[in-house]
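1. Give me the fold of what follows.
(one chain, ligands or ions: 1)
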Amino acid sequence: MTHDTSTQLRLDHLTLARSGRVVLDDISGEFASGRITAIIGANGAGKSTLVSGIMGELAPVSGQIQCNVPRERRAWLPQQLVLDLSFPMSVEELIMTGCWPTHGALRGYCSRCYGRGRDIMERLGISHLAHRPLGELSGGQRQRALLGRTLMQNARLLILDEPFANVDTNTVDVLTRVLRSMADEGVTILVVLHDQQQLAELADEVLLLAQGKSYWYSRDQIMAAIDATPGMMLPVQPIATASTKEPAL
Ligand SMILES: Nc1ncnc2c1ncn2[C@@H]1O[C@H](COP(=O)(O)OP(=O)(O)OP(=O)(O)O)[C@@H](O)[C@H]1O
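-> Coordinates of the predicted model:
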């Protein structure tokens, strides 16, 4: 496998298990910097398991995850459903917590940080919500605020799980635009997706997980396979033209 020097994240003969059962078996591949990779696959295929491995929450059974991005620059946006946003915190306070990984939780924020926070809220169209408690936000407003936190963190690796679930179309547009500009700035972005249209709009590469293996495609290869099979949703089984070892760049 040729190694792109700009690659920040690489899977090398990685095997991951849950409760002693192998979920992903000897998978390899690279996620290029500045690219958005959609991770797709059937329920239970191992998408969340892979994310847990990459975030360092699940140790490999064998093989390696080589990640050159320091931990404080890795960000993970889980599905909104698993988040408890009922605690008393405003949008601005949430965004400012993006400073914690580098500044620590107990130090106050400097005026420059607050200025950055305001710029980020403006970019995401949520300036008017700065002092609104998280528990009083719509799904789309919440998702913008959560992405704002990762911008504050200056994340270099960003992983999102179904970021467009339960959000309005306007928010989808804003998030898509911001994610693309983050990628243009060199951020490595992985997005777990189930929606064909969102994949078409967002993904540069596609990683399909099936039966414990990984299959890498360009976005065009996946869209061609969908076009060729009327009624086909996102593939959950390998399709022709896959590379099992590295992204089809
Ligand atoms: N905490 C756990 N303990 C034991 N087994 C688990 C655990 N989490 C997941 N699994 C199992 O690991 C396998 C992969 O699950 P995973 O959640 O990674 O799939 P997924 O592709 O993210 O699925 P979905 O699309 O439904 O979210 C499944 O068989 C699942 O039952």
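
2. residues from this structure in reach of the ligand?
-> 18-19, 23, 41, 43-49 (CB under 6 Å from any ligand atom). C-betas here are computed from N, CA, C, even on glycine.

3. Now do the buried residues in the lengthiest helix in the chain.
-> Longest helix in the chain by number of residues (criterion: DSSP state H): helix 169-184. Counting neighbours by 16 or more other CB atoms under 10 Å, one finds that the buried residues in helix 169-184 are 171-172, 174-176, 178-179, 182-183.

4. can you check stretch 14-22 too?
-> Neighbour-count burial for stretch 14-22, counted by 16+ other CB under 10 Å, picks out 14-17.

5. In PDB, list the C-alpha atoms belonging to it.
-> Provided in PDB are the C-alpha atoms of stretch 14-22 (Å, rounded to 0.1, in the frame of the first residue of the first chain):
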ATOM      1  CA  LEU A  14      -7.100  -3.800  12.200                       C
ATOM      2  CA  THR A  15      -9.300  -6.300  14.000                       C
ATOM      3  CA  LEU A  16     -11.900  -5.000  16.500                       C
ATOM      4  CA  ALA A  17     -14.200  -7.100  18.700                       C
ATOM      5  CA  ARG A  18     -17.100  -6.500  21.000                       C
ATOM      6  CA  SER A  19     -17.700  -8.800  24.000                       C
ATOM      7  CA  GLY A  20     -15.100 -11.300  22.500                       C
ATOM      8  CA  ARG A  21     -16.800 -11.400  19.100                       C
ATOM      9  CA  VAL A  22     -14.900 -10.100  16.100                       C
END
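
6. picking that back up, tell me the average confidence for the longest helix of the chain?
-> Averaged over helix 169-184, pLDDT sits at 94.

7. What is that helix packed up against?
-> The contact analysis (3 or more CB pairs under 8 Å, 6 or more residues apart in numbering; DSSP states H and E) places helix 169-184 against strand 36-41, helix 139-152, strand 157-161, strand 188-192, helix 196-202.

8. For this protein, which segments count as strands?
-> Along the chain, the stretches classed as strands by DSSP state E are 9-18, 21-31, 36-41, 62-67, 74-77, 157-161, 188-192, 205-210, 213-218.

9. for the ones you listed, which one sits closest to A228?
-> Of all those, it is strand 213-218 that lies closest to A228, at 13.4 Å by CB to CB.

10. Any idea which helix or strand in the protein has the lowest mean pLDDT?
-> helix 100-103 (a mean of 67; mean pLDDT, DSSP states H and E).

11. returning to that earlier point: reformat the helices and strands packed on helix 169-184 as a markdown table; add distance to I65.
-> Shown next, in a markdown table, are those (distance: least, CB to CB, whole Å):
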| stretch | distance to I65 |
| --- | --- |
| strand 36-41 | 14 |
| helix 139-152 | 20 |
| strand 157-161 | 11 |
| strand 188-192 | 12 |
| helix 196-202 | 23 |
